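Asks: predicted structure and sequence below. I'll ask about it afterward.
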Amino acid sequence: MSVLINKDSRVLVQGITGREGEFHTRQMRAYGTQVVAGVTPGKGGQAVDTVPVFDTVAQAVKATGANVSVIFVPPRFAPDACLEAADAGVDLAVCITEGIPINDMVAVVAHIRTTQTRLLGGNCPGLITPGECKVGIMPGNIVIPGPVGLVARSGTLTYEIVSRLTREGLGQTTCVGIGGDPVPGQRFIDVLPLFEADPHTKVVVMIGEIGGTDEEDAAEYIRTMTKPVVAFISGRTAPPGKRMGHAGAIVSGGKGTAQAKVEALTAVGVPVPISSREVPALVRERLG
Amino acid sequence: MSVLINKDSRVLVQGITGREGEFHTRQMRAYGTQVVAGVTPGKGGQAVDTVPVFDTVAQAVKATGANVSVIFVPPRFAPDACLEAADAGVDLAVCITEGIPINDMVAVVAHIRTTQTRLLGGNCPGLITPGECKVGIMPGNIVIPGPVGLVARSGTLTYEIVSRLTREGLGQTTCVGIGGDPVPGQRFIDVLPLFEADPHTKVVVMIGEIGGTDEEDAAEYIRTMTKPVVAFISGRTAPPGKRMGHAGAIVSGGKGTAQAKVEALTAVGVPVPISSREVPALVRERLG
Amino acid sequence: MKIHEYQAKQVLARYGVPVPAGEVATTPAEVRAIAEKLGKRVVVKSQVHVGGRGKAGGIKLADTPDEAEAVASRILGMDIKGLTVEKVLVEEALNIAREYYLGITLDRGAQRNVLMVSAAGGVDIEEVAAETPEKIARVLIDPALGLRDYQIRDACYAAGLDREAIAGAGKFLKALYQTYIDMDCSLAEINPLVLTAEGTLIAADGKINIDDNAMYRHADLADLAEEGQDNPLEAEAHRRGLQYVYLGGDIGIIGNGAGLVMGTLDEVKDAGGTPANFLDIGGGAKAEVVASALELVLMDPNVKGVLFNIFGGITRGDEVARGIIAGSARLNIQVPIVVRLTGTNEAEGRALLAQTTLVPAETMQEAAAKIVELARAA
Amino acid sequence: MKIHEYQAKQVLARYGVPVPAGEVATTPAEVRAIAEKLGKRVVVKSQVHVGGRGKAGGIKLADTPDEAEAVASRILGMDIKGLTVEKVLVEEALNIAREYYLGITLDRGAQRNVLMVSAAGGVDIEEVAAETPEKIARVLIDPALGLRDYQIRDACYAAGLDREAIAGAGKFLKALYQTYIDMDCSLAEINPLVLTAEGTLIAADGKINIDDNAMYRHADLADLAEEGQDNPLEAEAHRRGLQYVYLGGDIGIIGNGAGLVMGTLDEVKDAGGTPANFLDIGGGAKAEVVASALELVLMDPNVKGVLFNIFGGITRGDEVARGIIAGSARLNIQVPIVVRLTGTNEAEGRALLAQTTLVPAETMQEAAAKIVELARAA
């Protein structure tokens, strides 16, 4: 059916009274997401779009049974917000915030990996289970339910590929945006096993980019998967040593090149087309 | 037969070239312990009592297969030494060092509990499996092999009770000194399950003292044990709010009193004699 | 190690905690001068390491410098729970609207430091903890992450602090935590944190205990260390590097190992005696340490007899006996001394003791009975 | 953010790292004066953000002030890999016995920072890493524990540093780690750490990159931030708050989202074009941001055409189109602009574009082909 979120997910919004938090709360509710609580310290007792606001995540979870939290707070408060969500015991914390210092996330991710909470992001667009639940900022109108599991590092490039899949009738179980930061809460190897275990996912699309070795690590895991995977890697022509925006897409020391990623993936039988246009056809082939 | 250490334990001494380290290396070897390596940074390549010295624990473990480390380094270097032992992957690290700052141990113990290594101490006398292996500073001549498992917070009081058991022919599987520091690597509840699981241990003697709630926590665990336990608590008459030496034996806020401990233990069927003299008879009764 | 309220406030002020204007004084005249300088209603607070100063009359308000001087002359020299007041802190009096408790200490069971916040401040927090524990919000601090802002909020909201105080209280808690960590504290408290009628927050009282084991990192605090010992004998023990606790009875107790010494206290009590002290000389029992320990115990004029209880361990019993004999020989001993020696070579040790006026004993219980009897006879 | 060698050394010196005596200069006369002051053999080092300065002739020794001046006049103004040398660092020359490498950076795979030590210092460490990785000892740093002394020893012994250097190297590594953490670095290196013929250790070169995301914690470094941009267009982009990377081709690329922009670069290359830049305007595409981005791209005199590739997402396509139209209308545009717009309300957006001179395209591929063709024709 889906991974991580579904129609029963009870979502809490950290930073709900901020501009982004409020806007996307409305968007998520419009999509049908059960947004059960918001948190802004000092604004407990207020409401946003009829959603009750609490002073702390612990209070909100206790009062509403929220099990997923989405974080829209400024970068300097985001590490604390991630830890607060984990401490309150939500199953999934989705950090949309862009621009969190790397060393802050090194500490946060190391800690949260020791807890029962899964962290997605920071600097990620969130995730969506078409027709059921949307957590984050992915546009809801480009997805439809179907058999494709999608996991991606980039945001808008993913939207592009997803909307193409959708137009060609290839719906999705869940689309997961892990974000492009150097130290993400979830990597490809954290999300792929979820799709492997989800009975409704028949094919997985993985959208990577230059930098880091997540795609290479994923290739090792894909070798053991029973489900087919189609991949796309952006940044084939980017010059080495240049950081491409906040995405942290950077190639250095001969590691993290598009070539290395494509080779690792094709070596385990994953097609990696030159153009993202070709993704739907490759998916359709594998759906049989 | 024993818990934690036995005749096959391969022991490494951190701080082997120091006065204490060297003295107790000789004592341990005289008892028959396999001391296979020592570590003192900068003194790699030397030897102490024919034991080879290495610069790092990692090197020593790699070269000698040591699986138990005993730490005799000054308090300011001891936290690092504990972490080094854990990082090198020994099964058991025994920290004899007295006087380590509490907050240092809060961090060290929290970390080592996430590893495969068990930390005993600091400020502990170590442990001994009679006739097989002695790690630390317990006098070897007061123990004999037998069916009694012993775990204790205090040092000399324990020697007193052990030697009394020995004189009365009540030998021991292993005697474990967890030390009296406020944040010990092993608490009663960490060691009791080892005796519960050891087929040769028939009765357990637990020697506690005022301060903290380790004895109360142990009582909860003892409720589930199949083996009989005899306890002794020192400090019944100590005034509250007074710290009794480095041992950290202190009673505060109505918690940690001898009375509370005795009550908790007797409530789960553990006899707690007024005088330590009575321990052997109680043990003998339970051996049946 | 305990430090005085005025010292704790100086430390907290360095971390940005607002504290009342004030100064410490040792004479009524100084108190008057400080009150004049402050130019408003003041509070005169005895500086002794004990709780319940207020109830004992050790804290008084004064409207005028005259009154401050008068109050101080009553407080200075006062005896509070056995401690003589030698210093007072003279501070501006606050218009108290609400009083909160903020504290950090070690939670031994959790093996972590714990932040505690309560809206029931200004009173004995141990009483609150015992009687209405739900009034204290507690959050454990992960050493890897430190005290996080969200934990501060969790604690303040859970404790039911007034909303107008919550934002401001965070600053105090951050400073308190930073103090706790930087200074290697075993306890750091602000009690009460006062919300004034004017709506500002201020630390009206502070308490800091420092981990003795960490003193090597705080050479600058060595002066405070000695002053931190209330009892002159404990101060002397600190100078001598001995683990000594004054207990007020008449039987001096010396042993090696805290557990063994505590066990000995228990036996002496059971035998009908009253221990004068706890003294752990640690391992080895070298002659000079034994002498120093014995000398210290005998500085207590109430001591009518001394009990040594030593477990030989790796150090042989005969060596220990020689240490005790040599150590006691240096002093002109007027009271009975019972020595109970066990462990390795205890027979040889007892043989040596037999040639002295020291009274040997076989067991702890026998030793306790003997010293109680001898002291009573003396 | 990159900072220059001389700035990195100033930072390291604040953390107690010994660095050679020296000063920075912008003219040969200044270089002469510094060399005279140093009074010994000097090294004149170009300050540009690029590796291989030595091979390119950007680092020279000089025995006398005359020679230093002469050398400096050759280095200042020199072009190294497209960068003009505007500053040189003039330092005392060292008697080098051995050269080591010390570095800390993020290991993305491990999600931890990693300490690297090598006895093969003084050369391009990436080359060492690629060809003889066993010559670099690596230890991962647990964020909860920081870099521990034993890890420093592990790394130094494993790297095979000379024994006489190991004790001393620890101080450098501790300082390097403290710098890395305090300054929110993404890279901190000392390369080479020189063991001099006299037996002392000194940081002969240092490199520090600072995490842009953490700049809010380092207001004092704002000046360096701008200087850290080698390329004048990148410096201008930094001032405008735009994510711009200069790439040297003739097709300007603007899009929203790094992945999408990179994908666009790939398509343009595949279509036979050469991207002039990477420019990610992020979400929203408001008129003022679009105008600012377009203006910046057109400051590059080589740009012969611009490609917009925008995914509407939650923001509707017609709004994005209006943003682009309004933004471009403010500028006097002389080059062709192709706009590829997709996502929500893309049809309405394209309808709006149809009324302008902006060239619409349906797909990325079509857009890439069109702009390459139009730019070639221009």
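Replies: Yep, that arrived. Residues are numbered from 1 along each chain as shown, chains lettered A, B, ... in the order given.

Asks: please make it C-alpha for all contacts and neighbour counts, starting now.
Replies: Fine.

Asks: report pLDDT for residue 214.
Replies: You didn't pick a chain, so chain A it is. Note on residue A:214: pLDDT of 93.

Asks: not what I meant, chain C
Replies: For residue C:214, the model assigns a pLDDT of 93.

Asks: tell me who's in contact with whichever residue of the stretch 51-200 of chain A sits closest to chain D.
Replies: For the stretch 51-200 of chain A, the residue closest to chain D is residue A:157, as judged by CA to the nearest CA, at 4.3 Å. With contact set as CA atoms under 8 Å, 6 or more residues apart in numbering or on different chains, residue A:157 has these partners: D:257, D:259, D:260, D:263, D:311.

Asks: pLDDT at it, what is it?
Replies: Looking at residue A:157, its pLDDT is 89.

Asks: give me the distance between the residue lying closest to residue A:219 once chain neighbours are set aside and chain D.
Replies: In this structure, residue A:219 finds its nearest non-sequential neighbour in residue A:265, 5.2 Å apart by CA to CA, 6 or more residues apart in numbering or on different chains. Noted for residue A:265: a distance of 17 Å to chain D, by CA to the nearest CA, to the nearest Å.

Asks: tell me which helix or strand comes right after the strand or helix carrying residue A:265.
Replies: Using DSSP states H and E, residue A:265 maps to helix A:258-267. Note on helix A:258-267: by DSSP H and E, the next helix or strand toward the C-terminus is helix A:279-287.

Asks: how does chain C divide into domains?
Replies: Segmentation of chain C into domains, based on automatic domain parsing, reads C:21-92, C:96-224, C:232-377.

Asks: name the residues of the helix or strand bottoming out on mean pLDDT in chain A that are buried.
Replies: Ranked by mean pLDDT, DSSP states H and E, the weakest helix or strand in chain A is helix A:156-167, scoring a mean of 92. The neighbour-count check on helix A:156-167 (16 or more other CA atoms under 10 Å in any protein chain shown) flags A:156, A:157, A:158, A:159, A:160, A:161, A:162, A:163, A:164, A:165, A:166 as buried.

Asks: excluding chain neighbours, what is closest to the third one?
Replies: Setting aside the residues directly before and after it, residue A:158 is nearest to residue A:152 in space (CA to CA, 6+ apart), at 6.4 Å.

Asks: and residue A:245, what's its pLDDT?
Replies: 58.

Asks: list the contacts for residue 192?
Replies: Defaulting to chain A. Contact analysis of residue A:192 by CA under 8 Å, 6+ apart lists A:151, A:218, A:222.

Asks: wait, chain C
Replies: C:99, C:100, C:101, C:102, C:121, C:122, C:123, C:203, C:204, C:205, C:206.

Asks: pick the one among the contacts of residue A:192 closest to residue A:129.
Replies: residue A:151 (12.0 Å; CA to CA).

Asks: could you dump the contacts of residue A:192 to CSV with secondary structure?
Replies: Shown next, in CSV, are these (DSSP: H, G, I helix; E, B strand; the rest coil):
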residue, secondary structure
A:151, strand
A:218, helix
A:222, helix
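
Asks: which one of the residues you listed is nearest chain C?
Replies: residue A:218 (29.4 Å).

Asks: ok, back up a step: touching, the residue nearest to residue A:158 and residue A:207? I think so.
Replies: Yes: counting by CA atoms under 8 Å, residue A:207 is a contact partner of residue A:152 at 4.4 Å.

Asks: the two: who's more crowded?
Replies: More crowded of residue A:152 and residue A:207, by other CA atoms under 10 Å in any protein chain shown: residue A:152, with 28 against 25.

Asks: what separates that one from chain C, distance-wise?
Replies: Taken as CA to the nearest CA, the span from residue A:152 to chain C is 30 Å.

Asks: can you name the residues bridging to the residue nearest to the spatial centre of chain A?
Replies: Among the residues of chain A, residue A:177 comes closest to the average C-alpha position under CA atoms, centre = their mean, at 2.6 Å. Beta-bridge partners recorded for residue A:177 (DSSP bridges): residue A:126, residue A:152.

Asks: residues contacting it?
Replies: Counting by CA under 8 Å, 6+ apart, residue A:177 touches A:120, A:121, A:124, A:125, A:126, A:127, A:151, A:152, A:153, A:154, A:155.

Asks: swap the cut-off to 7 Å and go again
Replies: A:124, A:125, A:126, A:127, A:151, A:152, A:153, A:155 (CA atoms under 7 Å, 6 or more residues apart in numbering or on different chains).

Asks: distance to residue B:50 for these - can I get that in CSV?
Replies: What follows is the contacts of residue A:177, written out as CSV (distance: CA to CA, whole Å):
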residue, distance to residue B:50
A:124, 59
A:125, 63
A:126, 62
A:127, 63
A:151, 59
A:152, 59
A:153, 58
A:155, 64
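
Asks: tell me which of those has the lowest pLDDT.
Replies: Lowest confidence among those: residue A:155, with 84.

Asks: what is the neighbour count of residue 82?
Replies: No chain in the question, so chain A it is. 28.

Asks: sorry, should have said chain C
Replies: With other CA under 10 Å as criterion, residue C:82 counts 10.

Asks: gap between it and residue C:278?
Replies: For residue C:82, the distance to residue C:278 equals 18 Å [CA to CA, to the nearest Å].

Asks: one more: residue C:248?
Replies: Distance from residue C:248 to residue C:278, by CA to CA: 10 Å.

Asks: now swap in residue A:216 and tell me
Replies: Counting by CA to CA, the separation of residue A:216 from residue C:278 is 65 Å.

Asks: which of those two has more residues huddled nearby?
Replies: Legend: neighbour count by other CA under 10 Å for residue A:216 and residue C:278, higher for residue C:278 (26 against 20).

Asks: got the contact list for the more buried one?
Replies: By CA under 7 Å, 6+ apart, residue C:278 lies in contact with C:244, C:245, C:246, C:253, C:254, C:261.

Asks: surely the third one meets residue C:274?
Replies: No: at 11.7 Å, residue C:246 and residue C:274 do not qualify as touching, with contact defined as CA atoms under 7 Å.

Asks: pretty sure residue C:294 is in a helix, no?
Replies: Yes: counting by three-state DSSP, residue C:294 is located in a helix.

Asks: for it, which non-adjacent residue is closest in space?
Replies: residue C:328 (7.1 Å).

Asks: list phi and psi for that neighbour.
Replies: Main-chain dihedrals, residue C:328, degrees, to the nearest 10: phi -70, psi -30.

Asks: surely it touches residue C:291?
Replies: Yes: using CA under 7 Å, residue C:328 is in contact with residue C:291, at 5.8 Å.

Asks: next SSE after the strand or helix carrying residue A:128?
Replies: Here residue A:128 is covered by strand A:126-129, with elements defined by DSSP H and E. Sequence-wise, the next helix or strand downstream of strand A:126-129 (DSSP H and E) is strand A:133-136.

Asks: now residue 61. Its backbone dihedrals?
Replies: I'll assume chain A. The phi/psi pair for residue A:61 (degrees, to the nearest 10) is phi -70, psi -40.

Asks: that's the wrong chain, I wanted chain C
Replies: Backbone torsions of residue C:61, given as degrees, to the nearest 10, read phi -90, psi 150.

Asks: contacting residues for it?
Replies: Per CA under 7 Å, 6+ apart, neighbours of residue C:61: C:42, C:43, C:44.

Asks: tell me the helices and strands packed up against the strand or helix carrying residue C:139.
Replies: Residue C:139 is part of strand C:136-141 when elements are defined by DSSP H and E. Strand C:136-141 sits against strand C:112-118, helix C:149-158, with contacts defined as 3 or more CA pairs under 7 Å, 6 or more residues apart in numbering or on different chains; DSSP states H and E.

Asks: for the stretch 1-150 of chain A, which residue gets nearest to chain B?
Replies: Of all residues in the stretch 1-150 of chain A, residue A:114 sits closest to chain B, at 9.0 Å by CA to the nearest CA.
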